[in-house]
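[1] whatever this is, show me its structure:
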Amino acid sequence: MVTLRIPDGSALVKIEKAEPKVYFLVYDLLTYKKDYGKWEKPESLYDPYEKTFPVGLLPRVKKFLNSKGYRVRVIDERKVRGAKLNSTWNENFVLRRYQERAVKKALKARMGVLALPVGSGKTVVGLRIIHELDLSALIVVHTKELLYQWAERVEEILGVKAGIVGDNRWEEENVTVAMIQTLLSRGADKLQRDYAIVMFDECHRTSAAEKFYKLGLSLPQVYRFGLSATPWRRIRGEELKIEAVVGPIIYEVKAEDLIRESFLARPRFEVIKYESSMPSFSERYKELYEDMIMNNDERNRAIVEKAVELARKGHRVLIDVKRIEHGKILKEMLEKRGVKAEFLSSKSPNRREILEAYKRGEIPVLISTLLKEGVDIPEISAIILAGGGKSDIMTIQTIGRALRPKKGMKAVIVDVEDDDPLLFTHFLERQKALKQYYGKFYDREMELQLEKSISKKRRSRKGS
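    Numbers count the residues shown, from 1 in each chain. So this is what the prediction gives:
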């Protein structure tokens, strides 16, 4: 028998009354190799001195010990704290079947990740969980856009005033939306209210796993949930740290299922090909990126031509870029073609005004570095992935912006096939992510195009 105890007010689980072997087994289970560039160093989420591990890993540890023949007894001493909410649900928001199932799973498990595709209504699901529990909640986000978007939805759907912590504001209410950066810089202990629920939006962001982990362990809530459109599949250190805070995936809906049921638009995949006048001889990725992506005239002209074509067909186009300089180049080129375009980045002072104008149709083409996660713009019907890169999570997050049902119009997803060997592999990685995520809705014609491109590359390498 192994006893796992969760003390009141804690986000840690303590191992008690176990034979010595158990402590070593748990240590090995929760230890991974952390990459420090030229070497790797083991890091463990189990503290051998305190004999504790984060509460989100409880299901993993319990299952593991059971598989080793140990009976496990969990003693949860935590008390649910927080104020009664008295929210009133806006009846205009009727839950779909998969959303109802997600809410039921969450209420039963009390912690875990809900994996719902972009456009599936993650915000509505999160707010329904809060409404059903009818208790105070802290919603953690990572951008200003999400900060205000969630606050607006809290007031619209739950009928309660939303608190805002972030963007130089610290105004708490029974439902408070807070930026992770603000909570870390000023300290979560500065929160004045007791919250029964903590909910992390876009919890898959492994690039911010250290911040996520640090904040998560300082928050003792019993009800702890993560919302994600792109759940992880590899168990590395970053993913383990995310699980440590909110628990494992407890419910998942696939994009292809929602497309089949017409909750998401059917995608049409296209590829831009171009002839580059000269190769880059840069050995460093930064210079290669600047030469072959950002300042590549042939590539940029091909992107602009496609954007103009889509805009003239009535599409609301988003061009996704990674660099501010690249966005400005494309904006200037589009305006020379007589197409009104705006560029949006984290440094744009009038972000909300630009977004509203785009939503109203006053701007047919929007170029941006920051619409990858969470920002809700259902008007987008076509996306051009102009920024390159190979991140599967960012690719899925970005194109999900266009997958809202449009009357008589498919969602157009346009990628750019680069000729440089490294950038070509990045293109293949992005397409692989799309194929895996959209299943049978990733059409056969695209697969044949990819096979031809790969064969062509192999022949050219043999010829050289």
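[2] helices of the stretch 201-350 of the chain, start to end?
    209-218, 237-246, 255-260, 285-289, 297-312, 324-336 (DSSP state H, counting those that start in this stretch).
[3] for the fourth one, buried residues please.
    By that I understand helix 285-289. Along helix 285-289, these residues count as buried under the neighbour rule (16 or more other CB atoms under 10 Å): 288-289. In this view, the C-beta of every residue, glycine as well, is placed from N, C-alpha and C.
[4] would you mind saying which of the helices of the stretch 201-350 of the chain lies nearest Tyr438?
    Within those, the stretch nearest Tyr438 is helix 255-260; the backing value is 5.7 Å (CB to CB).
[5] how far does the closest one sit from the chain's center?
    Between the centre of helix 255-260 and the centre of its host chain there is 18 Å, according to CA atoms, centre = their mean, to the nearest Å.
[6] same thing with stretch 270-290?
    Between the mean C-alpha location of stretch 270-290 and the chain-wide mean there is a distance of 28 Å, by CA atoms, centre = their mean.
[7] cool, and stretch 337-351?
    Averaging C-alpha coordinates over stretch 337-351 and over its chain gives two centres that are 23 Å apart (CA atoms, centre = their mean).
[8] residues making contact with that stretch?
    For stretch 337-351, contacts defined as CB atoms under 8 Å, 6 or more residues apart in numbering pick out 144-145, 304, 307-308, 311, 324, 327-328, 330-331, 334-335, 354-355, 357-358, 362-371.
[9] just the buried residues of those.
    The neighbour-count test (16+ other CB under 10 Å) applied to those identifies 145, 304, 307-308, 311, 327, 330-331, 334, 354-355, 358, 363-371 as buried.
[10] still on that earlier bit, got the helices of the stretch 201-350 of the chain as CSV, with mean pLDDT and distance to Glu275 columns?
    Below are the helices of the stretch 201-350 of the chain laid out as CSV (pLDDT from 0 to 100; distance: least, CB to CB, whole Å):
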stretch, mean pLDDT, distance to Glu275
helix 209-218, 89, 41
helix 237-246, 87, 39
helix 255-260, 86, 34
helix 285-289, 87, 18
helix 297-312, 94, 6
helix 324-336, 94, 18
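[11] out of those, which is closest to Val118?
    Between Val118 and the helices of the stretch 201-350 of the chain, the shortest gap by CB to CB is with helix 255-260, which sits at 8.0 Å.
[12] so what does that closest one touch, helix or strand wise?
    In terms of contacts (3 or more CB pairs under 8 Å, 6 or more residues apart in numbering; DSSP states H and E), helix 255-260 is packed against helix 421-438.
[13] as PDB, could you dump the C-alpha coordinates of the helix it packs on?
    C-alpha atoms of helix 421-438 as PDB (Å, rounded to 0.1, in the frame of the first residue of the first chain):
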ATOM      1  CA  PRO A 421      16.700  22.200 -48.800                       C
ATOM      2  CA  LEU A 422      16.200  23.200 -45.200                       C
ATOM      3  CA  LEU A 423      13.100  25.400 -45.900                       C
ATOM      4  CA  PHE A 424      11.700  22.600 -48.000                       C
ATOM      5  CA  THR A 425      11.900  20.200 -45.100                       C
ATOM      6  CA  HIS A 426      10.000  22.800 -43.000                       C
ATOM      7  CA  PHE A 427       7.300  22.900 -45.700                       C
ATOM      8  CA  LEU A 428       7.000  19.100 -45.500                       C
ATOM      9  CA  GLU A 429       6.800  19.300 -41.700                       C
ATOM     10  CA  ARG A 430       3.900  21.800 -41.900                       C
ATOM     11  CA  GLN A 431       2.100  19.700 -44.400                       C
ATOM     12  CA  LYS A 432       2.600  16.600 -42.300                       C
ATOM     13  CA  ALA A 433       1.000  18.400 -39.400                       C
ATOM     14  CA  LEU A 434      -2.000  19.400 -41.600                       C
ATOM     15  CA  LYS A 435      -2.400  15.800 -42.800                       C
ATOM     16  CA  GLN A 436      -2.300  14.400 -39.300                       C
ATOM     17  CA  TYR A 437      -4.700  17.000 -37.900                       C
ATOM     18  CA  TYR A 438      -7.300  17.000 -40.700                       C
END
